[in-house]
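Enquirer: Structure, please.
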Amino acid sequence: MNSQNKHLLLILFSFRLLSGFTKGNQVMDTSVNSNIVVDFEASAKPFNHFWKASVGSGHAKLGLRQDWQSQLKHLHDTTGVHGVRFHGTFDDDMGPVVTGSAASPVYNFTLVDELYDAIVAAGVTPIVELSFMPQVLANCTPGKCPTTMHYRGISTVPKTYECWHDLVKVFAEHLVERHGISMISTWRFEVWNELWGVPWGANASSGKQQDSSYMALYNASYVALKSVSPKILVGGPATEEVQHVSDFVDALSAWNIDADFVSTHLYPTDWCTSEANASRDSDCFTNAILDARSQAPNHAFYMTEFNCGWKNNLIHDGESHAYAASFFLRTINALKNHDIGALSWWTFSSIFEEQGLPTNEFGPFGANSAMQSVHGIPMPIYRVFELLAGAGNVSHAVEINGVLRPSDMTLAVLATSNTTLTALPDRHGNSTEVTNTLGPGEQARTISIYLSNFLPDFGADVSTDLHKQDASNVARDTCNASEWLSNTDFAGGDLLPEAKKFRTNSSAACCEACRSYVPVFFCDAWVWKDAKQLDPRRCYLKSKDAIGHKRHAPGLTAGFPGAPPAPPTPHHAYNTTRRVTVALKGLRNPDVSVRSRTINSTCANPKRVWTDRMQSIAWPTTTQLDELMEASRVCEESLTVSYDGNGFASVTVSLEAYATVQLLITQDTPSTDYSEYH
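Expert: This next block holds a predicted model:
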């Protein structure tokens, strides 16, 4: 078969369980049949690859590591991701960037240059988060400044907004001199992160510094950047939980400034798991994003942080499922026609340092949503990005069980193809209709169909319990010795790296250290060695992950920062296999071949191998890393193609819970005029 006379068709499926349930320890498995029709005869709509605009990382200093840089370049080369965002460009561990005094600053961008040069060399365009506050400029007493995360970024307002303005202006001038305005005008500059230490204030629309620390900081940044060049793109407010979007838009007018984009963050565990109804609403998360997007209709809109949830290890890729992949595809499908400029997955690597550097191959708390392990082993979410790399530039109409719709309660379908457009999208033109203008004998187009059978949260009740526990942890009951566990250890889940672990004179002092750990709800347990043990009186602070790994350990005392957590509420384990038939309306040629590429509990799931075969060894050997890399690969096989009474091709595939499948289809050039099927 001549490769010039083939049409390449890519079909991807992602499934989340639907209706299985548990009864005691028994998992009830059901199968559901679904019929999908993808209509290639109807008009198509432009499809923007907005998820490729950025991915997240921890903080700037990590980007000086060679392994971080290598992973970023590999991600770009294999998935088409072309942006990155991280905290802390101005942190003191990046130079410091500013020495001297606020009145007479001395600037040093040596390490910043090293970092951004590497990013540019990888083919990636940064979203430059302007944070955090250099000590010299911070409005606080050195050594007593409020800080954030393990790396202690200073989160407070500047001594004066003029000194912050000057830093931003000099920084921008330096970048333009180094890279040229043609490159820098493609970068985006985002002011601060989630209002950390820089409050929104009671009246941000007053136009006065004293009424909104954030708007004063944004104003100083905006004026500084635009004074260097009006081509430089700047935006904010980079808030958590899609807060203050409309407030920000309103405040811009009051301050007589503007924004080139409006940015915010959201995780489904922020609120979509807080109530039983919301926790089972497949569209709770994306509906919240769409509501926020509607509050800034005249601005570009960036989601500069998101993933499938940050509180519960069970709902990330690994062990028994590939949850994040299913979540990701449903999210893309729901947002595709709503002019989203960026959707930045947090994070692209387990090389991550919010609560300390990685303590094992798959990282510490917070890195469990990463796309790659410390040594670059791809997770299921990474493989989905790879499958999506070849998605088309238009989307096609889809029927689900006889109804024209992109999704039903749990099943979402996204069909795309590469095609010549008769009309280009305008500024907000994702709804612009286009047609395929390819004629017979022209180059093949690529068709990708993505399906996601998604029901939120692996055991929604577990996340509800976490919300309740978070609230109780803030209150923090006093340490109660009657509830401590003698000769007991909680294995794993350490919040601090070995070098940061400390000693206390008593188990009570260790408990108090857990109670006062910031942020408070991250320390869920503690372990203390008595004076007779090797390395005596060592205090270990633990995350919730450790509680389920209790073991006998003479000479150790374990406990909780308050009352012991309640046993987890029994929850549903959705385990429905979906048998799906996809009819390709408009594709009649009889010579069609199909290969499937699968991501599920056993395909492209290295963490399961790490857990089951390697007993979660902290740092695998070279041989074990090779085994994990092999386990990260998708599974491939050939499938059978059928034809209906009209001669249209169709294919049927069964998918287990959380599975993601790509169908790779090749087709001989149709013998009839292809324009007949536009």
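Enquirer: Okay, helices next: where are they in the stretch 201-350 of the chain?
Expert: Counting by DSSP state H, counting those that start in this stretch, residue ranges of the helices within the stretch 201-350 of the chain are 213-228, 245-254, 268-271, 276-279, 284-294, 323-335.
Enquirer: just the stretch 1-150 of the chain next, same as before
Expert: With DSSP H, counting those that start in this stretch applied, the stretch 1-150 of the chain shows helices at 66-79, 110-121, listed in chain order.
Enquirer: looking at these, which is closest to residue 87?
Expert: helix 110-121 (12.5 Å; Cβ to Cβ). Using the backbone N, CA and C atoms, a C-beta is placed for each residue, glycine as well.
Enquirer: buried residues in that closest one?
Expert: Burial within helix 110-121, assessed by neighbour count using 16 or more other Cβ atoms under 10 Å, is assigned to 111-112, 115-116, 118-119.
Enquirer: Please apply the same query to stretch 246-257.
Expert: Residues of stretch 246-257 classed as buried under the neighbour-count rule (16+ other Cβ under 10 Å) are 247-249, 251-252, 254-255, 257.
Enquirer: ditto for stretch 128-148
Expert: In stretch 128-148, residues buried by neighbour count (16+ other Cβ under 10 Å) are 128-140, 145, 147-148.
Enquirer: Which pair in those has the greatest spatial separation?
Expert: Farthest pair in these (Cβ to Cβ) is 128 and 140. Separation: 24.0 Å.
Enquirer: Off-centre distance for stretch 343-362?
Expert: Taking the mean C-alpha point of stretch 343-362 and that of its whole chain, the gap between them comes to 11 Å (Cα atoms, centre = their mean, to the nearest Å).
Enquirer: What's the end-to-end length of that stretch?
Expert: Its first and final residues considered, stretch 343-362 spans 23 Å by Cα to Cα, to the nearest Å.
Enquirer: Need the mean per-residue confidence for that stretch.
Expert: Averaged across stretch 343-362, the pLDDT comes to 88.
Enquirer: again with stretch 54-74
Expert: Average pLDDT, stretch 54-74: 96.
Enquirer: so how far is the first residue of it from its last?
Expert: The first and final residues of stretch 54-74 sit 14 Å from each other (Cα to Cα).
Enquirer: what are the phi and psi angles of the spatially closest residue to residue 211 that is not a sequence neighbour?
Expert: When the adjacent residues along the chain are set aside, residue 211 lies closest to residue 203, with 4.2 Å between them (Cβ to Cβ, 6 or more residues apart in numbering). Summarising the backbone geometry of residue 203 under the convention degrees, to the nearest 10, its torsions are phi -150, psi 70.
Enquirer: In this structure residue 203 contacts residue 210, no?
Expert: No: using Cβ atoms under 8 Å, residue 203 is not in contact with residue 210, being 9.3 Å away.
Enquirer: Compare neighbour counts for these two and give me the winner.
Expert: Neighbours were counted for residue 203 and for residue 210 using other Cβ atoms under 10 Å; residue 203 has more, 14 against 9.
Enquirer: Distance-wise, check the more buried one relative to residue 237.
Expert: Spatial separation of residue 203 from residue 237 under the definition Cβ to Cβ, to the nearest Å is 15 Å.
Enquirer: ditto for residue 661
Expert: Applying Cβ to Cβ to residue 661 and residue 237 gives a distance of 39 Å.
Enquirer: Over to residue 301?
Expert: 12 Å.
Enquirer: any residues in contact with both of those two?
Expert: Residues touching both residue 301 and residue 237 comprise 262-263, with contact defined as Cβ atoms under 8 Å, 6 or more residues apart in numbering.
Enquirer: Mind listing what's buried along stretch 226-245?
Expert: For stretch 226-245, using 16+ other Cβ under 10 Å, the buried residues are 226, 228, 232-240, 242-245.
Enquirer: Regarding it, how distant is the last residue from the first?
Expert: End-to-end distance for stretch 226-245, by Cα to Cα: 22 Å.
Enquirer: and if you look at stretch 94-103?
Expert: By Cα to Cα, the extent of stretch 94-103 from end to end equals 21 Å.
Enquirer: what's the closest non-adjacent residue to residue 587?
Expert: In space, residue 587 comes closest to residue 649 once its chain neighbours are excluded; the distance is 5.0 Å by Cβ to Cβ, 6+ apart.
Enquirer: and the one you found, what does it touch?
Expert: Contacts for residue 649 were tallied using Cβ under 8 Å, 6+ apart; they are 583-584, 587-589, 592, 641-643, 665, 667.
Enquirer: Which ones among those map onto strands?
Expert: Applying DSSP state E to these, the entries found in strands are 583-584, 592, 641-643, 665, 667.
Enquirer: By neighbour count, which of these wins?
Expert: Each of the ones in strands among the contacts of residue 649 was scored for neighbours by other Cβ under 10 Å, and residue 584 scores highest at 27 neighbours.
Enquirer: Bridging across strands, which residues link to that one?
Expert: Residue 584 forms beta bridges with residue 38, residue 649, as assigned by DSSP bridges.
Enquirer: Would you mind confirming that it makes contact with residue 36?
Expert: No: using Cβ under 8 Å as the test, residue 584 is too far from residue 36 to be in contact (9.6 Å).
Enquirer: does residue 644 really touch residue 650, like I thought?
Expert: Yes: Residue 644 sits in contact with residue 650 when judged by Cβ under 8 Å, with a separation of 6.2 Å.
Enquirer: When these two are compared, which one has more neighbours?
Expert: residue 650 (19 against 13).
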